[in-house]
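Novice: Using only what follows, build the 3D model:
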Amino acid sequence: MRDLHLIYGQTTRRFSAHRHREDFAESEVRNREMRIVDKFPMPIASGVNPGGAPWSCGTEGFFKDLPTEARSDFESLATHFHCPGSKVLISEAQEPSSILFLLEGEVNISMNSSDGRRLLLGVAGAGDTLGLTSAISGNASEIRAQAMYPCRLASLERGHFFDFLSRHPIASQNVVRELGLHYTRTCERLRMLALTSSAMARLAYLLLEWCKKGRQTESDVQIRCALTHREIGECIGTSRETVTRTLADFKSHDLVRQRGSIFVVPSCRALAAYAGIDSTPDSHQPAA
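Specialist: Alright, predicted model coming up:
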């Protein structure tokens, strides 16, 4: 029995040291990303940037195809600001008082269970809206939004937002499109979590989902991933260790390659077939 305790203790120490090395490696990746965006100014509640020129409200998502008049109207109403990394922008059960428009940076969107477990629903990028669903419905927020790195955002009070929509019909159309995208993403996540049996299949499904927005070349699809293995695990309802082990398996079969924060998928069909998934994101994706 004494020998068993010693062996168990040695194994535990080795496992703890291994986890410490993984934590350190993930921290280094995040720190490198932080240094890239650390040049962003810190919070500025103003419609004019430090250089004196007006902020640009972007061309993606909610701002897509907005005419010049609508853009000018938005700029006159919005408050622009920067937030530091890890800042919680929206908390669960928060009452809707304003809508946030992400102009630069990335924001984690998640939900927490009563026992503290977290489900990472996705990562919002430039052009995405935060708090749109609760602002439209008037209900408290169901999600938590937290900046991954320093971000630039615009904020519009809920009442001003509705007035803006009434004056600019194309903005209302964009809101409908955004709500439709939110619904589609939710269905995709439910399909992955509820209808995919194994962690390997869920991870492959997630990678294939990311391939839809990846950079396609003649021979592969390249995906930029700023998430740690723990955060990837929170996307698919599994542990960090399982993510690390499954990714290593994919790499050993040349289904996924990694270059820093870039995942390269040589063949979406091969990855789907290996994981037992009967569909790929797009028929135009590399098949071999």
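
Novice: Surely Lys213 is within a strand?
Specialist: No - looking at Lys213 with DSSP: H, G, I helix; E, B strand; the rest coil, it is coil, so not inside a strand.

Novice: For the stretch 51-200 of the chain, which segments count as helices?
Specialist: 68-77, 132-137, 158-167, 169-195, 199-211 (DSSP state H, counting those that start in this stretch).

Novice: right, so these: which one is the most enclosed?
Specialist: Sort those by mean neighbour count, taking mean count of other CB atoms under 10 Å, and helix 199-211 sits at the top with a mean of 22. (Each C-beta comes from the backbone N, C-alpha and C, glycine too.)

Novice: quick one: the very next helix or strand once past that one to chain centroid distance?
Specialist: Heading C-terminal from helix 199-211, the first helix or strand you meet, by DSSP states H and E, is strand 215-216. Distance of strand 215-216 from the chain centroid (CA atoms, centre = their mean, to the nearest Å) equals 18 Å.

Novice: The helices of the stretch 51-200 of the chain: lowest mean pLDDT?
Specialist: Lowest mean pLDDT within the helices of the stretch 51-200 of the chain: helix 169-195, a mean of 88.

Novice: low-scoring pLDDT stretches of the stretch 1-150 of the chain, where are they?
Specialist: 1-59 (pLDDT under 70).

Novice: Any chance of the helices of the stretch 51-200 of the chain in TSV with distance to Gly122 as columns?
Specialist: Formatted as TSV, the helices of the stretch 51-200 of the chain follow (distance: least, CB to CB, whole Å):
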stretch	distance to Gly122
helix 68-77	25
helix 132-137	13
helix 158-167	22
helix 169-195	6
helix 199-211	9
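
Novice: Gly116: which of those is closest?
Specialist: helix 169-195 (18.2 Å; CB to CB).

Novice: Done for today, thanks.
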